[in-house]
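Trainee: okay, structure incoming, though there's no sequence with it:
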């Protein structure tokens, strides 16, 4: 065993960002499976028709045209990812459980 009389210096590396406590903005940007806690990007929303004032629940990433059950007006159009609401429609996002 070799012993030296010189003191040994220890270096401590500090990360530029905290991996255990990421900010909400960084979590939203990340892919849904690479987040600290996996959560989907999709959601359900209640859309109120301006013609008959009936409320319809719509999936945010709907792949089909969603008509109103009361007056048959088109509530949303699919756009590849998220669906686009028709002009003049009011929506309220439902809480995730």
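Mentor: Yes, it's here. What you see is a predicted model, and the numbers here were worked out from it, not measured in a lab. Residues are numbered from 1 along each chain as shown.
Trainee: contacting residues for residue 13?
Mentor: If a contact means CB atoms under 8 Å, 6 or more residues apart in numbering, then residue 13 has no contacts. The way it works is simple: take the backbone N, C-alpha and C, and place the C-beta from them, glycine included.
Trainee: just say helix, strand or coil for it.
Mentor: Under DSSP: H, G, I helix; E, B strand; the rest coil, the three-state class of residue 13 is coil.
Trainee: check which residues of stretch 68-83 are buried.
Mentor: 68, 75-76, 83 (16 or more other CB atoms under 10 Å).
Trainee: could you export those residues as a markdown table, including pLDDT, secondary structure and distance to residue 60?
Mentor: As requested, the buried residues of stretch 68-83 are arranged in a markdown table below (pLDDT from 0 to 100; DSSP: H, G, I helix; E, B strand; the rest coil; distance: CB to CB, whole Å):
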| residue | pLDDT | secondary structure | distance to residue 60 |
| --- | --- | --- | --- |
| 68 | 90 | coil | 18 |
| 75 | 90 | strand | 12 |
| 76 | 91 | strand | 9 |
| 83 | 91 | coil | 7 |
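Trainee: residue ranges in the chain under the pLDDT threshold?
Mentor: 1-4, 89, 91, 93, 95-97 (pLDDT under 70).
Trainee: mind listing the helices for it?
Mentor: 24-29 (DSSP state H).
Trainee: ok, which stretches of it are strands?
Mentor: Using DSSP state E, the strands of the chain run over 44-48, 55-59, 66-67, 74-77, 84-85, 90-93.
Trainee: closest one to residue 21 among the ones you listed?
Mentor: Each of the strands of the chain has some distance to residue 21 by CB to CB; the shortest is strand 90-93, at 25.6 Å.
Trainee: can you get me a residue count around residue 66?
Mentor: Residue 66 has 19 neighbours, counted by other CB atoms under 10 Å.
Trainee: that one and residue 73 touch, don't they?
Mentor: No - contact criterion CB atoms under 8 Å: residue 66 and residue 73 do not qualify, at 10.1 Å.
Trainee: hmm, back to that, just the closest of the buried residues of stretch 68-83 to residue 12, please.
Mentor: Nearest to residue 12 among those, with distances taken as CB to CB, is residue 83, at 50.0 Å.
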